[in-house]
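Trainee: what shape does this take:
(one chain, ligands or ions: 2)
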Amino acid sequence: MPDFLDQDIKFLAGVGPQRAELLKKELNIASFRDLLYYFPYKYIDRTKFYKIAELDANQAYIQVKGTLGNFELIGEGRKQRLLASFHDSTGSMDLIWFAGIKYIRENLKPRQEYVVFGKPSVFNGRVNIIHPEIETASAQQVTTGVLQGFYNTSETLKKRFLNTRAINKIQYNLALAIEGKIYETLPPSVREPLRLMSLKDALRQIHFPENTQLLQKATFRLKFEELFYIQLKILSLKHRREEVFKGFVFEHVGYNFNTFFQNNLPFELTNAQKKVIREIRKDLGSARQMNRLVQGDVGSGKTLVALMVALIAFDNGYQASLMAPTEILATQHYNTISRMLNGISIQVALLTGSTRKKERERIYAGIESGEIQFLIGTHALIEDTVNFIKLGLVIVDEQHRFGVAQRAKLWKKNAGIPPHVLVMTATPIPRTLAMTLYGDLDVSVIDELPPGRKPIETRHYLENRREQVYKFIRDQVDKGRQAYIVYPLISESEKLDLKNLENGYELLQKVFPRYKLSMVHGKLKPAEKDAEMNLFKEGKTQIMVATTVIEVGVDVPNASIMVIESAERFGLSQLHQLRGRVGRGAEQSYCLLMSSYKISNESRKRLETMVRTNDGFEIAEVDLQLRGPGDLEGTQQSGLGFNLNIANLGKDGEILRIARDTAANILDNDPHLQSHENQLLVYHLQRMKNTEFDWSIIS
Ligand code: ADP
Ligand code: MG
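Mentor: Numbering: from 1, shown residues only. Ligands and ions are numbered 1, 2, ... in the order given. So this is what the prediction gives:
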């Protein structure tokens, strides 16, 4: 049944082919449905008119009723602009246009009454509005109450007069066209207990709210629905996977594990490590495939947990693999683990993009014969050429960029029974986000750092105190410590970034003539990178100048200073990750954040948060709060795999919880969604577009 809402947007009254092209290109609105789900980003009280005398540059959008004065064309060529004065009983201001001048002059008439709408600014002591929205005072407003929705548009659209008011009008035409054609998407059993507004009403109210209460109900309903279907999808995937996939049963804790525990364990496990290992052991004995996420702040000792779990796999005759996001990390894991396994005869191999052909072939043969038990490496591990004889466990480290679909790929690494999967992340993820990002995983948290760690002291310095920072570094290095100095990627061009780093490096060589410096960046060959890292690790260089390539996992206990240049440019989680590179040894560590004076409020909040706390979970919460609803880029990359249209994981945690509970309840009562009433859910689950879930694996 072709749906009414799937019609091309060009057929809507007030749109037509040309506007349709623009809407498609600029806003990705191609159908009636796309437009219907293009919600306002804010609402303005249209009953309130400001007086010109009340205006200042701090106000957001305002509307003013007044009379248009004469036009004046100012400047030449590209700088040309159209200016008109606009006055009411309290004063006058300027309206300014840089584009569409011809149209404005032809369509607006001096000495007529208009309603002007926009964001005021002040220039030379005079209030103005640039590219105001303007219409005759008598024009019919398209609202059904006091609130008017505002829609994001683009510069191109505004130039072609598809501004927020125009979209508002098209929305109104759409509202008329779809009258009686919106079908409910949630069954009564979901709607009624939560007293959700009907879809039809919600879609009407979200665009044309009659009052704030109804708008709130509409917003809740639409957010709920969005989050509910995602949860239903994730949870039904999880249910079905648990049904379909058996898991290897690792019943023994045997020789390898016990020997390691008795002879090789260099320290007491923390209680948190013990707890997590117990949770994992339970999964491994359950005959179900494990899909578990271990969250633990930087330095909480995840590597050791991974190794001990791998030992259980070996004890039961299975192979294991450990995958890291970078070569540096993979190599570091390989070295650490080989060293820790001293005296225990497990064959460990390292496979990365730069592994030589001959070695590569040896490894392929070794894992196919089972001679190699533990394969450590980068993404190269999941390539199809890598065939294990008996892969029982896959550990994915430091990898919140590893989505559901990629995990599904791992499950196929064995014919028949898939390996157990353990994902480890150092990015503490707020619960709400984890429920969605990792909704199909069970979660363990290592919520304790090994004893004896001194909290890292974090300070924020402005440019003018740079000398002081250098002096501090000198004092510390003279005491035998080492320092990282990190530069951000600041331009689109890798060349410029590299230049920036190299300039910094040259400068630092002059600042610290007595010390040896290393430099690492993304353009180095892996071997060169490793060589530099090793010099630093061995203490042959004292200062490591780097871009963010050192972000994840690198472990140099003697490094106790982390200087972050232009810290205002980094995101919170990145700052936290970088800071985690120090504080790994016995010495007091420091994180020094350098920034310019002029930074945005948001940057300031980030830096303040860093100075205030070392708690990764707290930082993650602030991070999520700071990022606006539109900015889900971070989560996109981390494999969220779908766009959120209206819900915001930072702010809608409560709605998410309700949505998840509701979905879980439904699946508990009707695991295969077979009941008559739930067919509506099945229908909409199948409709869900843009998801990365690999359904093929379970069907
Ligand atoms: P992360 O969780 O960031 O991956 P690592 O596994 O790299 O942390 O561990 C950080 C450091 O802490 C390593 O040097 C490791 O040897 C050490 N470590 C791990 N567990 C313990 C423990 N229980 N007691 C003391 N030190 C530990
Ligand atoms: Mg680690």
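Trainee: so which residues on the stretch 301-450 of the chain come close to ligand 1?
Mentor: Contact residues (C-beta under 6 Å from any ligand atom) of the stretch 301-450 of the chain with ligand 1: 301, 302, 303, 304, 426, 450. C-beta: built from backbone N, CA, C; applies to glycine.
Trainee: can you check the chain too?
Mentor: By C-beta under 6 Å from any ligand atom, the part of the chain that sits against ligand 1 consists of 267-270, 273, 296, 298-304, 426, 450, 553, 555, 584.
Trainee: tell me the SS of residue 622?
Mentor: Recorded secondary structure, residue 622: helix (DSSP: H, G, I helix; E, B strand; the rest coil).
Trainee: what is the neighbour count of it?
Mentor: 21 (other C-beta atoms under 10 Å).
Trainee: report the contact partners of it.
Mentor: 572, 605, 606, 609 (C-beta atoms under 8 Å, 6 or more residues apart in numbering).
Trainee: buried subset of these?
Mentor: 572, 606, 609 (16 or more other C-beta atoms under 10 Å).
Trainee: now do the strands in the stretch 201-350 of the chain.
Mentor: 291-296, 319-323, 348-351 (DSSP state E, counting those that start in this stretch).
Trainee: tell me which of those strands is the most buried.
Mentor: strand 319-323 (a mean of 27; mean count of other C-beta atoms under 10 Å).
Trainee: so how far is that one off the chain centroid?
Mentor: Centroid displacement of strand 319-323 relative to its chain, using C-alpha atoms, centre = their mean, to the nearest Å, is 27 Å.
Trainee: now do stretch 648-665
Mentor: 18 Å.
Trainee: now it: buried residues?
Mentor: For stretch 648-665, burial by neighbour count (16+ other C-beta under 10 Å) applies to 648, 649, 650, 652, 653, 655, 656, 658, 659, 660, 662, 663.
Trainee: any idea how many residues pack against the residue in the stretch 151-300 of the chain that ligand 2 sits nearest to?
Mentor: Here the residue of the stretch 151-300 of the chain nearest ligand 2 is residue 298; by C-beta to the ion that distance is 7.4 Å. By the measure other C-beta under 10 Å, the count of residues near residue 298 is 24.
Trainee: kindly report the same for residue 447.
Mentor: That count, for residue 447 with other C-beta under 10 Å as the rule, works out to 18.
Trainee: same check, this time on the one 3 residues further on
Mentor: Neighbour count of residue 450, defined by other C-beta under 10 Å: 16.
Trainee: contacts only, for residue 445.
Mentor: By C-beta under 8 Å, 6+ apart, the contact set of residue 445 is 272, 276, 294, 295, 296.
Trainee: please identify which of the buried ones among the contacts of residue 622 is nearest to ligand 2.
Mentor: residue 572 (19.3 Å).
Trainee: ok, back up a step: just the closest of the residues of the stretch 301-450 of the chain next to ligand 1 to residue 256, please.
Mentor: residue 304 (14.5 Å; C-beta to C-beta).
Trainee: roughly how far does the residue nearest to the closest one when sequence neighbours are not counted sit from residue 450?
Mentor: Leaving aside its sequence neighbours, residue 304 sits nearest to residue 273 (C-beta to C-beta, 6 or more residues apart in numbering; 6.6 Å). Here the criterion is C-beta to C-beta, to the nearest Å. By it, residue 273 lies 8 Å from residue 450.
Trainee: can you give me the domain assignment for the chain?
Mentor: 47-140, 182-318+390-453+633-699, 457-613 (automatic domain parsing).
Trainee: any idea which of the ones you listed has the lowest pLDDT on average?
Mentor: Looking over the domains of the chain, mean pLDDT reaches its minimum on domain 182-318+390-453+633-699, with a mean of 84.
Trainee: from the chain's centroid, how far away is that one?
Mentor: Distance of domain 182-318+390-453+633-699 from the chain centroid (C-alpha atoms, centre = their mean) equals 16 Å.
Trainee: count of neighbours near the residue nearest to the residue of the stretch 151-300 of the chain closest to ligand 2 when sequence neighbours are not counted?
Mentor: Of all residues not flanking residue 298 in the chain, residue 580 sits nearest, at 2.7 Å (C-beta to C-beta, 6+ apart). By other C-beta under 10 Å, 24 other residues sit near residue 580.
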